[in-house]
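Peer 1: Here is my input, please return the structure:
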Amino acid sequence: MAGGLVALLDDIAALVKLAAASVDDVGAAAARASVKATGVVVDDTAVTPRYVQGLEPERELPIIKRIAFGSLRNKLLIILPVAMLLSQFLPWLLTPILMVGGAYLCYEGAEKIWEAVSGHGADEEPAAVDGSQEDAVVSGAIRTDFILSAEIMVIALNEVENEPFLSRGIILVFVALVITALVYGVVGLIVKMDDIGLRLAQRDSGLSQRVGRGLVKGMPVLLEVLSVVGIAAMLWVGGHILLVGIDELGWHAPYDLVHHLEEAVHGVAGVGGVLGWLVNTLASALLGLVVGAVIVAVMHVLPRRKAAAH
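Peer 2: Next up is the predicted model:
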């Protein structure tokens, strides 16, 4: 009896160790998947604050909360089941779908650059939004978020495609929860930063007043930096998705060229790794810019010239 109990306890201990290792593996894979989607997350974080411009301050956080729940609903109830089914039964579709999303990111980044250079859209100011328009604002934000959320989930899935089915599902749920909380937590902090600054500026403490005024003055700069970082992230991530995708589909020359350039700088003492990353990032961003520029020309420039000719 004692021997049987000891054997049972040994089996239980082995199972516990196996479960712990599995949790660690899932956690590590989830972390890798989340990091891989960082570029899209930055874009999502940079885009969302514009939806509450023009709202009364007390309505900003409730609107962001509604958008966040809509985003999470999209991820868990629509994107996750579709992505899981594709990964199980039509895994070969993931790369083309990922590349379509990458091309969209390239287009978005290049379009923003084109608007800044050409002046189109530069003078657009957000219209004031009353209570009757909130539903339309939320619906529009959730629709835009759906595209970015789908890209995040497919990027994450592509990173863990070799994991077992259940592990993939757990990882994607984890990514959906963490990314949504991160994006909309940061967005909520950003949109209320000026209010926090005003409250601090009204205090008696000289330090509080200086910090408050600094926050109020710094908000436009922060939003501008977020916009620039978002554009760079879209071109980099979109270009990298396309670079890897065309290699997986059989055209190896572009990826091999970038890989050789990385190897050429890896030998630099002390900074070889950083230089290699920079080479890959710049090459991906350049590819993203070229692809995005072509799409922008097709979508915007050529139609405008045709219209002007008529």
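Peer 1: okay, CA-based contacts and neighbour counts for the rest of this
Peer 2: Will do.
Peer 1: How many residues are close by residue 56?
Peer 2: For residue 56, the count of nearby residues is 12 (other Cα atoms under 10 Å).
Peer 1: any idea how far residue 56 lies from residue 62?
Peer 2: 11 Å (Cα to Cα, to the nearest Å).
Peer 1: Enumerate every residue touching residue 241.
Peer 2: By Cα atoms under 8 Å, 6 or more residues apart in numbering, residue 241 lies in contact with 98, 99, 102.
Peer 1: Tell me the buried residues in whichever strand or helix holds residue 63?
Peer 2: Assigned by DSSP states H and E, residue 63 belongs to helix 57-73. The neighbour-count check on helix 57-73 (16 or more other Cα atoms under 10 Å) flags 60, 61, 63, 64, 66, 67, 68, 70, 71, 72, 73 as buried.
Peer 1: Report the lowest-confidence entry in the residues you listed.
Peer 2: Minimum pLDDT across the buried residues of helix 57-73 is recorded for residue 60, with 79.
Peer 1: doesn't residue 242 make contact with residue 252?
Peer 2: No. Contact status for residue 252 versus residue 242: not in contact, 11.8 Å apart, counting by Cα atoms under 8 Å.
Peer 1: Am I right that residue 142 is in contact with residue 70?
Peer 2: Yes. Under the criterion of Cα under 8 Å, residue 142 makes contact with residue 70 at 6.0 Å.
Peer 1: Which stretches in the protein count as helices?
Peer 2: 2-36, 38-47, 57-73, 80-89, 94-118, 134-159, 165-201, 206-248, 253-266, 272-296, 302-309 (DSSP state H).
Peer 1: Mind giving me the packing neighbours of the third one?
Peer 2: It refers to helix 57-73. Using 3 or more Cα pairs under 8 Å, 6 or more residues apart in numbering; DSSP states H and E as the contact criterion, the neighbours of helix 57-73 among helices and strands are helix 134-159, helix 165-201.
Peer 1: ok, residues contacting it?
Peer 2: By Cα under 8 Å, 6+ apart, the list of residues contacting helix 57-73 from outside reads 52, 134, 138-139, 141-142, 145-146, 149, 176-177, 180-181, 184, 187-188, 191.
Peer 1: Just the buried ones from those, in ChimeraX syntax?
Peer 2: Only the buried entries of those go into this ChimeraX selection, using 16+ other Cα under 10 Å:
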select :52,134,138,141,142,145,146,149,176,180,184,187,188,191
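Peer 1: that older thread, most neighbours out of the contacts of residue 241, which is it?
Peer 2: Neighbours here mean other Cα under 10 Å. Within these, the largest count is held by residue 102, at 29 neighbours.
Peer 1: does that one really touch residue 242, like I thought?
Peer 2: Yes. Using Cα under 8 Å, residue 102 is in contact with residue 242, at 6.2 Å.
Peer 1: So which of the helices and strands packed on helix 57-73 is nearest residue 274?
Peer 2: For the helices and strands packed on helix 57-73, proximity to residue 274 was assessed by Cα to Cα; helix 134-159 is nearest, at 22.2 Å.
Peer 1: If you average the pLDDT over the closest one, what comes out?
Peer 2: Mean pLDDT, computed over helix 134-159, is 79.
Peer 1: Please apply the same query to stretch 285-299.
Peer 2: The pLDDT scores in stretch 285-299 average 94.
Peer 1: Give me the contact list for it.
Peer 2: Stretch 285-299 is contacted from outside by 103-111, 114, 232, 235-240, 242-243, using Cα under 8 Å, 6+ apart.
Peer 1: Give me the neighbour count for residue 257.
Peer 2: Neighbour tally, residue 257, other Cα under 10 Å: 12.
Peer 1: whoops, residue 205 was the one
Peer 2: By the criterion of other Cα under 10 Å, residue 205 has 11 neighbours.
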